[in-house]
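**Q** Return atomic coordinates for the entry below.
(one chain, ligands or ions: 1)
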Amino acid sequence: MGSNPLKLGVLVSGRGSNLQAIIDAIERGDLEAQIAVVISDKEQAYALERARKHGIEALFIDPRAYKSREEHEKVVGDYLEERGVGLICLAGYMRILSPYFVKRFQWRIMNIHPALLPSFPGLHGQKQALDYGVKISGCTVHFVDEETDHGPIIIQAAVPVLEDDDEDTLSARILEYEHKIYPRAIQLFAQGRLEIQGRRVRVKGAPGNTWAVVNPPLEG
Ligand code: GAR
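**A** Next comes the predicted model:
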């Protein structure tokens, strides 16, 4: 890792398995970054415990303590800035960010969504896919813009929907790929290889197209 690795701020609301995948990728040396702080809007989020186990600062910032969404976001944003965060990773953060926050950190916020966007944005992407009857779903890492689950797409992984799937089995199959593509997208950012051109994200210096991941599973 270089002497000045990219600092990440990870925003979470729940169990934090994507946070764990990011931590693991850093510890394995696959991701040249460090997590400066993890911030949750839920006091009981298991993600906070995961962070603390790895010696990472973990904060609960209660949205209910502030008069408006923007006020809460201002405090969150100030914490991130004070720690020199260069990229904010939403990892199961179940709050919609206001245009204020998105503009403040423009093209420095990434999100992971459990569906192949633009299909099935919003809550319960996996259930939406099952209910719709698609045969392939997956997950998407994208930059965050002012619309929900909408910004330029960095990597997607396609995952089959099986005949006997329910929400839990499909979610688990998709999650396995979330854990692969999120650290990979962050690493591309850390390497300065992502270039946004309108809706398209170009990956500089890519040997081929490894940003569309389809079964059979990824190597490594
Ligand atoms: C993940 O499946 C993530 O894609 C999803 O929440 C889960 C969080 O799990 N995010 C969204 O639905 C955002 N719209 P985790 O806390 O174990 O990472």
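
**Q** check contacts around the residue nearest to residue 74 when sequence neighbours are not counted.
**A** Closest residue to residue 74 apart from its sequence neighbours, by C-beta to C-beta, 6 or more residues apart in numbering: residue 100 at 7.7 Å. (C-beta placed from N, C-alpha, C; glycine too.) Listed by C-beta atoms under 8 Å, 6 or more residues apart in numbering, the contact set of residue 100 reads 70, 73-74.

**Q** go on, residue 135?
**A** Residue 135 neighbours (C-beta under 8 Å, 6+ apart): 160-161.

**Q** Could you tell me the single residue of the chain that sits nearest to the ligand?
**A** The minimum distance from the chain to the ligand, using C-beta to the nearest ligand atom, falls at residue 92 (2.6 Å).

**Q** For that residue, grab the count of nearby residues.
**A** Using other C-beta atoms under 10 Å, residue 92 has 21 other residues around it.

**Q** Residue 73 and residue 102 touch, don't they?
**A** No: using C-beta atoms under 8 Å, residue 73 is not in contact with residue 102; the gap is 9.5 Å.

**Q** Show me which parts of stretch 109-125 are buried, residue by residue.
**A** For stretch 109-125, the neighbour count (16 or more other C-beta atoms under 10 Å) marks 109-117, 119-120, 125 as buried.

**Q** let me redo that: stretch 44-54
**A** For stretch 44-54, burial by neighbour count (16+ other C-beta under 10 Å) applies to 45-48, 50-51.

**Q** So, low pLDDT: which residues of this structure?
**A** Of all residues in the chain, those with pLDDT under 70 make up the ranges 1-3, 206-210, 215-220.

**Q** if you set the cut-off to 80 instead, what comes out?
**A** For the chain, the stretches flagged by pLDDT under 80 are 1-3, 206-220.

**Q** So what's the residue count around the residue lying closest to residue 205 once chain neighbours are set aside?
**A** Leaving aside its sequence neighbours, residue 205 sits nearest to residue 193 (C-beta to C-beta, 6+ apart; 5.8 Å). Residues within reach of residue 193, counting by other C-beta under 10 Å, total 14.
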